[in-house]
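Asks: Here's my sequence, what's the structure:
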Amino acid sequence: SVLRMVGVRPRVSIKALGGRPAKLVMPSANYCDPKFPRKRFGERNPAMEFAFTEEQVMIFDTADAFLSEVATAPVIRQSLLTVSGYDTNTWRRLCEEMYWQAILIPEAHEGLGLGGVEAIGILERMGMRLYNGPFASTALVTAALLKYGSDQQQATYFERLMVGETATLGVIEQSRTWSADAVTAVATPTEGGFHLSGHYRFVGHGNSTDILLLAARIEDELALFLVEGTADGMARQKSPTMDQTRPLAEVTLDGVFVPQGCELARGLAAVDALTAIIDVLRIFTAAEQLGGAQASLDMSVDYVKERVQFGRTIASFQAIKHKCADMMLKVEASRSIVYFAACAIDEWLAGRYTDTQLAEAASMAKAYCSDAFFFVAGSGIQLFGGVGITEEYDIQLYFKRAKATESFLGAAPEHKERVADLLLTGVC
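Replies: Just a heads-up that it's a prediction; the model follows:
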């Protein structure tokens, strides 16, 4: 499966792959467990060795090469004017040549059978180029099916996703809190299934996706449903947003019929599932924020090395060097927490991490990366000077992405408070 993923790029040596990529090494014990042995200063703990395998490096290098070819700034800018909000030809090539839509789908279902680390690595590189296709939302629904779907649901939907169909998640209407309590849509039981009615906002790629994973209430219970994007009674409209590189939509359901077999979870199980699924989306968003921060740093450094003032490049001024050093520190710290969270996804999917441990990793990643991306992109605007905010330069697109994702799925203060609550209550 890995050969199928990277073999399409001539620069990758097939002989060097040697099989399936290994995951980053994760300790099986709970980090927060007081009985977990802590290493003393100066000691090496082999369970804490974080390093990419050669195969993972090849996958990421191939992703860099592919995205630098198909997700250039002119292509992204032009795709913002389309109805879907992204370039469908690029998505088709991504599915046919790279097979990334199957990255989390098990090999038993003809997928690549990879994991969160590989998905996060690709999302980081997508964030570097502000790629606006539905990869993250589709991967999210794939993870939900992998964790909670029945055998029949997995067989049905994995087959559709592997041929390039897209998916997304719909949860809230007016609430600013992404949780089960914010769900207002209603599902009414009927013969052979349910009728869904309600309104969803901030649905990623919701105006064009083929499959929607929607949360709704059946009286006092929460339930998750897999709904067809072309269902009768569904109205979808693209939302105007500050960050046009992340297409969002409003979805309205008026008595949409959903067959019985499309119910993914119900009751307390649905509450836990929705919370965990949102946490996975937070980690995906943090990965894109990391990529955006890295790109903001890179283009800012390139600019100050070329901009001449007082007879010398402004990169030679000490104040500029200090600013760039601070930006780099934020980026590298973000990378550490993002790949820790990526490992947490793999452990959670494998059943070795609880929902609470996933929540801790997700909130840490989202809180830090939100602050870091906004700081780095904002500093980039300052280094560019007045021209940085003009449409001619790409740094303003990254600044808009940073501001939009800062509050998406919860702002940094909310996630810091969440982590504090987990620690102080002894849950983690």
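
Asks: For residue 168, list the residues it contacts.
Replies: 134, 137-138, 140-141, 203-206, 209, 211-213 (CB atoms under 8 Å, 6 or more residues apart in numbering). For every residue, glycine as well, the C-beta is placed using N, CA and C.

Asks: Who's the closest spatial neighbour of it, skipping the chain neighbours?
Replies: In space, and not counting its chain neighbours, residue 168 is closest to residue 137: 4.0 Å by CB to CB, 6 or more residues apart in numbering.

Asks: Give me the helices and strands touching the one helix or strand the one you found maps to, please.
Replies: In this structure, residue 137 sits in helix 135-148 according to DSSP states H and E. Using 3 or more CB pairs under 8 Å, 6 or more residues apart in numbering; DSSP states H and E, the elements in contact with helix 135-148 are helix 116-128, helix 151-162, strand 167-170, strand 211-218, strand 263-266, helix 268-306, helix 318-349.

Asks: which residues of the stretch 1-150 of the chain fall in helices?
Replies: For the stretch 1-150 of the chain, the helices defined by DSSP state H, counting those that start in this stretch cover 2-6, 54-70, 73-79, 88-93, 116-128, 135-148.

Asks: Can you say which of those helices is packed in most?
Replies: Highest mean neighbour count of the helices of the stretch 1-150 of the chain: helix 116-128, a mean of 26 (counted as mean count of other CB atoms under 10 Å).

Asks: which ones are touching the residue of the chain most remote from its centre?
Replies: Distance from the C-alpha centroid of the chain peaks at residue 311, with 44.0 Å (CA atoms, centre = their mean). Listed by CB under 8 Å, 6+ apart, the contact set of residue 311 is empty.

Asks: Number the chain from 57, please
Replies: Okay, using 57 as the starting number, the last item reads as residue 367.

Asks: mind checking how far it is from residue 373?
Replies: According to CB to CB, to the nearest Å, residue 367 and residue 373 sit 12 Å apart.

Asks: And residue 276, what's its pLDDT?
Replies: Reported pLDDT at residue 276 in the predicted model: 88.

Asks: scratch that, residue 144 is what I was asking about
Replies: On pLDDT, residue 144 comes in at 94.

Asks: May I have the phi/psi pair for the closest residue in space to it that isn't next to it in sequence?
Replies: With sequence-adjacent residues excluded and distances taken as CB to CB, 6+ apart, residue 144 is closest to residue 138, at 7.8 Å. Per-residue torsions, residue 138: phi -80, psi 170 (degrees, to the nearest 10).

Asks: Need the contact partners of stretch 153-165.
Replies: With contacts defined as CB under 8 Å, 6+ apart, stretch 153-165 is touched by 57, 60-61, 64, 118-119, 122, 150-151, 166-172, 174-175, 178, 191, 194-195, 198-199, 202, 210-211, 214-215, 217-218, 220.

Asks: and residue 152, how many neighbours?
Replies: Neighbourhood size, residue 152 [other CB atoms under 10 Å]: 12.

Asks: for stretch 125-141, how far is the first residue from the last?
Replies: 19 Å (CA to CA, to the nearest Å).

Asks: List of residues touching it?
Replies: 142-144, 146, 149-150, 182, 185-188, 261, 263-264, 294, 300-301, 303, 450.

Asks: From the residues you listed, list the buried ones, please.
Replies: By neighbour count, with 16 or more other CB atoms under 10 Å, the contacts of stretch 125-141 hold 142-143, 146, 150, 182, 185-188, 261, 263-264, 294, 300-301, 303, 450 as buried.

Asks: Which of those fall within strands?
Replies: Members of the buried ones among the contacts of stretch 125-141 lying in strands (criterion: DSSP state E): residue 294.

Asks: What pLDDT does the model give the residue farthest from the centre of the chain?
Replies: The model's pLDDT for residue 367 equals 89.

Asks: By mean pLDDT, point me to the weakest helix or strand of this protein.
Replies: For the chain, the helix or strand with the lowest mean confidence is helix 58-62, at a mean of 38 (criterion: mean pLDDT, DSSP states H and E).
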